[in-house]
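Novice: need a structure here:
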Amino acid sequence: MSRPIQIHNHPFPFLLYLEWILLAVAALSEVSPYPFRRIPRLPLLTFLSIAAYGAIGLRLPTGKQISKLLYTCLEILLISVTTFAGGMRLFPFPYIVLVIRSCLIFQLPGRLVVTSLSFSLFLLTLLRWFQNFPARPVLQNRLRFFLLSYALLFGLSLAFVLLLMNALLTERQSREKLVSANEQLREYALRIEDQATLQERNRIARDIHDSLGHSLTALNLQLETALKLWSVDPAKATKFLVQAKKLGSTALQDVRQSVSAMRSNPLQGNSFEEAIASLTEEFHSSTGISPAFIMLLGRPLPTEVTTAVYRIVQEALTNISKYSQATQVKIRLEATPTDLQLTVQDNGKGFNLDENTTGFGLQSMRDRTLALGGQFKIDAAPDAGCCITATIPLPRVLQ
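Specialist: Next up, the predicted model:
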């Protein structure tokens, strides 16, 4: 903390209230009736010293070391004036306040020094007080025992205050670090989400330009040719219209795939099994290939896992339909107590792993797997098909 500690930014406001209570009790003890009470030589100076000691606690230095040392010296001076010149009976209270404040402005070595100094000054004050206390020889042993017990109790009190403050500060620092880490993680997640959304949009735009744009351009040419030939050669024009119809169906399929890819929730209220079955049906209707599909789950899956697996399967089938020229496709999805393994294999023309693993489709599948802490693997070779394996860890099932 670089700025001074004040009321509005005090890390532990209850400690500030505790200081005021202790000092108020110490001040009131000077005017309370007591049969063996020592009358302060300078009562006004005693009260002013206590008031000043409480007032400087409203602003604690946390910057330069010299400021902290001067502040601590001022505290000790005010305590000395109060105890030696005043004769306060509850003189241990200001030392407890001194230790509390030192924990807020110093690191551990400084706290230990201030605590040791407080205990030493307490012993000096205690010895000075009891040296001036008249006692008969019979009471000397009792006074010594009381002196030793009082000093031991105060020493344990200072040690307890020091340990308590260290625990409070450590817990607060841990909480602040956790809040900062959570904030950084949230910002990182938002950046990743924005980046993934932008990449997805760019891919869809490229797909629309490459596939849908090409299909519509070819469709327009077929229709123009059919119009020109209709009056001259209707039979030939009909062939162009049939081809235009095929191109229109292809364009419609591309539009459906693009819309499906843009859905924020691809399952759309369906179960995971139904969504994957719908994907395989669409793939069969567009390619004529009916994938061999095996699903061995046996347990419900988290939403983020089902969404990622759906997208991976969707991207894999899209790549197979566009590039692989496969005649067989196998999809296997198996859940174990620790992870989920997805395998998509085809017998297409394959590709060279050293040249074709940086495409957006493969990169998107890899990113989705790694984002869930999983592992992504591609096995492919020219004329040997391709096998994609994604292993995603699953949370433990509560018994």
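
Novice: Which residue ranges of the stretch 101-250 of the chain form helices?
Specialist: 108-131, 137-207, 213-230, 234-262 (DSSP state H, counting those that start in this stretch).

Novice: Ok, the stretch 251-399 of the chain next?
Specialist: Per DSSP H, counting those that start in this stretch, the stretch 251-399 of the chain carries helices over the ranges 272-287, 303-319, 360-371.

Novice: Chain neighbours aside, what residue packs nearest to Trp230?
Specialist: Ala237 (4.4 Å; C-beta to C-beta, 6 or more residues apart in numbering). (Each C-beta comes from the backbone N, C-alpha and C, glycine too.)

Novice: which residues touch that neighbour?
Specialist: Contact partners of Ala237, counting by C-beta atoms under 8 Å, 6 or more residues apart in numbering, are 225-230.

Novice: Quick check, pLDDT for it.
Specialist: For Ala237, the model assigns a pLDDT of 82.

Novice: What's the separation between it and Thr217?
Specialist: Here Ala237 is placed at a distance of 19 Å from Thr217 (C-beta to C-beta, to the nearest Å).

Novice: Domain map for the protein?
Specialist: Each structural domain of the chain that the record assigns through automatic domain parsing is listed here as a residue range: 13-185, 270-399.

Novice: Let me know which of the ones you listed is the nearest to Thr197.
Specialist: With C-beta to C-beta, the closest approach to Thr197 among the domains of the chain belongs to domain 270-399: 11.8 Å.

Novice: Looking at the helices of the stretch 251-399 of the chain, which one is packed in the most?
Specialist: Compared across those, helix 303-319 shows the largest average neighbour count, a mean of 20 (mean count of other C-beta atoms under 10 Å).

Novice: Now do that one: distance to the chain's middle.
Specialist: Centroid displacement of helix 303-319 relative to its chain, using C-alpha atoms, centre = their mean, to the nearest Å, is 27 Å.

Novice: before we move on, what about stretch 331-338?
Specialist: With C-alpha atoms, centre = their mean as the basis, stretch 331-338 stands 29 Å off its chain's centre.

Novice: Which residues does it contact?
Specialist: Contact partners of stretch 331-338, identified using C-beta under 8 Å, 6+ apart, comprise 276, 280, 291-299, 301, 309, 313, 340-345, 393-394, 396-397.

Novice: Go again with 10 Å.
Specialist: If you take C-beta atoms under 10 Å, 6 or more residues apart in numbering as the criterion, stretch 331-338 is touched by 272-273, 276, 279-280, 283, 291-301, 305, 309, 313, 316-317, 340-346, 388-397.

Novice: residues of it that come out buried?
Specialist: Neighbour counts using 16 or more other C-beta atoms under 10 Å place 331, 333, 335 of stretch 331-338 among the buried residues.

Novice: Same question for stretch 53-62.
Specialist: By neighbour count with 16+ other C-beta under 10 Å, stretch 53-62 contains the buried residues 53-54, 57, 60-61.

Novice: Could I get those in JSON lines, plus columns for secondary structure?
Specialist: Putting those into JSON lines (DSSP: H, G, I helix; E, B strand; the rest coil) gives the following:
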{"residue": "Tyr53", "secondary structure": "helix"}
{"residue": "Gly54", "secondary structure": "helix"}
{"residue": "Gly57", "secondary structure": "helix"}
{"residue": "Leu60", "secondary structure": "strand"}
{"residue": "Pro61", "secondary structure": "coil"}
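
Novice: any idea which of the residues you listed is closest to Met165?
Specialist: When the buried residues of stretch 53-62 are ranked by distance to Met165 (C-beta to C-beta), Leu60 comes first, at 13.1 Å.

Novice: residue contacts, the closest one?
Specialist: 1, 4-6, 10, 16, 67-68, 71, 101-102, 104-105.

Novice: Apply 8 Å and report the result again.
Specialist: For Leu60, the contacting residues are 4-6, 71, 101, 104-105, taking C-beta under 8 Å, 6+ apart as the criterion.

Novice: nearest to Thr250, of the domains of the chain?
Specialist: For the domains of the chain, distance to Thr250 was read as C-beta to C-beta. The smallest value, 8.8 Å, belongs to domain 270-399.

Novice: Need the pLDDT of the nearest residue to Gly374 once chain neighbours are set aside.
Specialist: For Gly374, the nearest residue in space outside its immediate sequence neighbours is Ile392; the separation is 3.8 Å by C-beta to C-beta, 6+ apart. Per-residue confidence at Ile392 stands at 92 (pLDDT).

Novice: Identify the bridge partners of Ile392.
Specialist: Beta-bridge pairing for Ile392 (DSSP bridges): Leu340.

Novice: ok, it - how many residues close by?
Specialist: Counted with other C-beta atoms under 10 Å, residues neighbouring Ile392 total 25.

Novice: if I look at it, how far off is Cys386?
Specialist: Counting by C-beta to C-beta, the gap between Ile392 and Cys386 amounts to 20 Å.

Novice: Thanks a lot, see you next time.
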